[in-house]
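[1] curious how this folds, go ahead:
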Amino acid sequence: MTKFDLPQPPPDILEWSKWDALEAFLSSLSASGASEKTIKAYRVALTDFLSFTNATKLKEINNIDIVNWINARLSKGLEKAKSDDIRDRRTTMHYYTLFLRSFIKWCGLGLKVPIVKRPKPKPAETLTREEIEKLFLAARDLLDKLIIALLFETGLRAQELITITTDDIDFSNQMIRVKNAKYGEERIVFYGLLTKQVLDEYILYKRPRPGERLLGISYSGLYKRLKTLAKRAGVDPRKVRPHVLRHTFATEALRRGLPLPALQRILGHHDIKVTQTYLHLLREDIREAYIKAFGGENLNTYNRRYDINAPYADYPGIQHRSITRGEQSQKKGSRNNAELEYILSTLLESIAMVGDSPVLASLIQKKLNEARKLAMTSSEDQ
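    Numbers count the residues shown, from 1 in each chain. Alright, predicted model coming up:
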């Protein structure tokens, strides 16, 4: 969470009403450079807490109020909550308690605010290439096509997308300057041939004025268009959301070889660990590539030489004893899983560490060659 350098509160703020203290705190946030979206999030969280407590003045708030508020919201949920899922409650209360701690500390109340532990994030949901194609083909107009193309090829957030103006676009270099980015920062994103074709046609048709918003729709308008488009395309509307398309872009970018540090900058992540969460989505791709490289005859030869189902007496120096079918299955599964997990984790770590260095190709190729030699040796010994 972004930390703000807030000015000192008035010396007598503890004597103020809780609502006057809230407004003073929000004004300090604004003066420190917090965005409107951030201030709104603080207001919602702190209003929820202050409405819960019976205190009138700020100094009347105590630790019991804080604990009772947290327990009530975790057990009964929040008012006007869009979801009643316990994971969503804990995630919301994680941020609410962080916001409350900032407020309490600024006021100088000297109270302890326990931070609700945030649950582990759910696996990122993505769309398949076939689903993206269905959405594009189901588009009713150029605006539908432009929305899908931009979200799929840039990874923009919803708010970033709807606030793009014509002045933000460098048409010759296929770049977009994102000014309304998260944390109030700016960054550059790029777009591909699909977006270029649709964008050029869209500009020619609409002829927007300089500085005019490109799409000309609201946040809710964007969602309604995507849901309608999903139904027309025969794709589950619950999956067709701007953030799912952002996940899809990130996964597709890694699949096509974009280095992790470059993806981090395009997505606007402060910490590369956040970007690395997309690597697990490529595990199946890496597995398929491995099977393609090592499957077939060489793998079968290796398995024939070291037949896990053969009795111990078939191996030199091993005293024979009978083993059960369950032991055989367990040993086979353990070895196969261990080998596959080692190979997958090695390749993933190589991708994450090497990034865009040419060492990556030679490193992986070296490992592949060594394994092929081992398989060939096994075949010759038969």
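[2] what is the mean pLDDT for the helix or strand containing Ile148?
    Here Ile148 is covered by helix 142-154, with elements defined by DSSP states H and E. This predicted structure assigns helix 142-154 an average pLDDT of 94.
[3] list the contacts of that helix.
    If you take CB atoms under 8 Å, 6 or more residues apart in numbering as the criterion, helix 142-154 is touched by 132, 135-136, 138-139, 156, 161, 176, 189-192, 194-195, 198-199, 201-202, 205-206, 214-215, 217, 222, 225-226, 229, 242, 245-246, 248-249, 252, 266. For glycine as for every other residue, the C-beta is placed from the backbone atoms N, C-alpha and C.
[4] just the buried ones from those residues?
    132, 135-136, 138-139, 156, 161, 176, 189, 191, 194-195, 198-199, 202, 206, 214-215, 217, 222, 225-226, 229, 242, 245-246, 248-249, 252, 266 (16 or more other CB atoms under 10 Å).
[5] sort out for me which of those residues are in strands.
    Ile176, Val189 (DSSP state E).
[6] sorry, back to before: distance from the helix holding Ile148 to the middle of the chain?
    Here the centre of mass of C-alpha atoms in helix 142-154, compared against the chain's by CA atoms, centre = their mean, to the nearest Å, lies 19 Å away.
[7] likewise for stretch 59-73?
    On the basis of CA atoms, centre = their mean, stretch 59-73 is displaced by 33 Å from the centre of the chain it belongs to.
[8] now it: buried residues?
    Neighbour counts over stretch 59-73 (16+ other CB under 10 Å) mark Ile61, Asp65, Ile66, Trp69, Ile70, Arg73 as buried.
[9] farthest pair in the residues you listed?
    Ile61 and Arg73 (16.2 Å; CB to CB).
[10] if we can go back for a sec, in helices, which of the buried ones among the contacts of helix 142-154 appear?
    Taking DSSP state H as the definition of helices, these contribute 132, 135-136, 161, 194-195, 198-199, 202, 206, 222, 225-226, 229, 242, 245-246, 248-249, 252, 266.
[11] do I have it right that Leu267 meets Gln276?
    No. Under the contact definition of CB atoms under 8 Å, Leu267 does not touch Gln276, with a separation of 11.5 Å.
[12] so for those two, which residue has more residues nearby?
    In terms of neighbours (other CB atoms under 10 Å), Leu267 is the more surrounded of Leu267 and Gln276; the figures are 21 against 17.
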